[in-house]
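In: here is my input; please provide its structure:
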Amino acid sequence: MYTNDKQDLLLLDTKLEIEHIYSRKRQENENGLADKWSLESLGNKALLEKAINIRASDYRFIDKLKYYKGFVTDKGKVREGTKNMELIELSTNSNDFTEADIIARKDLIISMFIDYLRENDLLL
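Out: Numbering: from 1, shown residues only. Down below sits the predicted model:
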């Protein structure tokens with residue numbers, strides 16, 4: 001989340017939870033992941049505000065987009081989206097999140113972490 005240059009700091013009292021971008025319920029219903037361990041992969045997890053995670057947790061990715069971006073209910077109530085810029089950008093640039101996306105995101109996270117260690121002379 002904080003490797004994104006556009007990411008603002010969240011308030012200290014923000015309650016965060018681990019979001020499964022490809023939801024457990026989706027896997028249960030569709031069985032779309034060839035490797036069941038992809039569900040718990042680092043590439044499938046992100047930080048998400050608790051209030052948003054409660055509402056978005058069991059939906060398909062296409063349905064989660066409105067929770068990530070924010071929306072106005074039928075009654076005119078504004079539901080704010082996430083402050084996590086990575087999820088906002090992901091929801092802006094994609095209509096689905098697949099196993100290939102999970103693998104690519106995991107590889108990117110690991111690569112960026114190794115680069116950080118290397119740049120800060122922390123590799124042994």
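
In: contacts only, for the nearest residue to Lys106 once chain neighbours are set aside.
Out: Leaving out its chain neighbours, the residue that sits closest to Lys106 by CB to CB, 6 or more residues apart in numbering is Gly43, at 2.9 Å. All C-beta atoms are positioned from the backbone trio N, CA, C, and that covers glycine. Listed by CB atoms under 8 Å, 6 or more residues apart in numbering, the contact partners of Gly43 are Asp101, Ile102, Ile103, Ala104, Arg105, Lys106, Asp107, Leu108, Ile109.

In: assumed the second one was part of a strand.
Out: Spelled out, it's Ile102. No - going by DSSP: H, G, I helix; E, B strand; the rest coil, the assignment for Ile102 is helix, not a strand.

In: burial measure for the closest residue to Lys6 other than its chain neighbours, as a count.
Out: In this structure, Lys6 finds its nearest non-sequential neighbour in Met85, 4.8 Å apart by CB to CB, 6+ apart. Met85 has 16 neighbours, counted by other CB atoms under 10 Å.

In: and the gap between Met85 and Leu9?
Out: Met85 sits 11 Å away from Leu9, taking CB to CB, to the nearest Å as the criterion.

In: wait, isn't Arg26 in contact with Gly32?
Out: Yes - look at Arg26 against Gly32 with CB atoms under 8 Å: they come within range, at 6.8 Å.

In: which of those two has more neighbours?
Out: More crowded of Arg26 and Gly32, by other CB under 10 Å: Arg26, with 21 against 13.

In: hang on, the earlier thing: next, give me the two most distant ones among the contacts of Gly43.
Out: Spanning the widest gap among the contacts of Gly43 are Asp101 and Ile109, at 12.3 Å by CB to CB.

In: which one of these two is surrounded by more residues?
Out: Neighbour tally, Asp101 and Ile109, criterion other CB under 10 Å: the higher count belongs to Asp101, 18 against 15.

In: shouldn't that one be in contact with Asn95?
Out: No - taking CB under 8 Å as the definition, Asp101 is not a contact partner of Asn95, at 11.3 Å.

In: secondary structure element for the closest residue to Leu42 other than its chain neighbours?
Out: Nearest in space to Leu42, with sequence neighbours left out and distances taken as CB to CB, 6+ apart, is Lys106 at 5.0 Å. For Lys106, the host element (DSSP states H and E) is helix 99-119.
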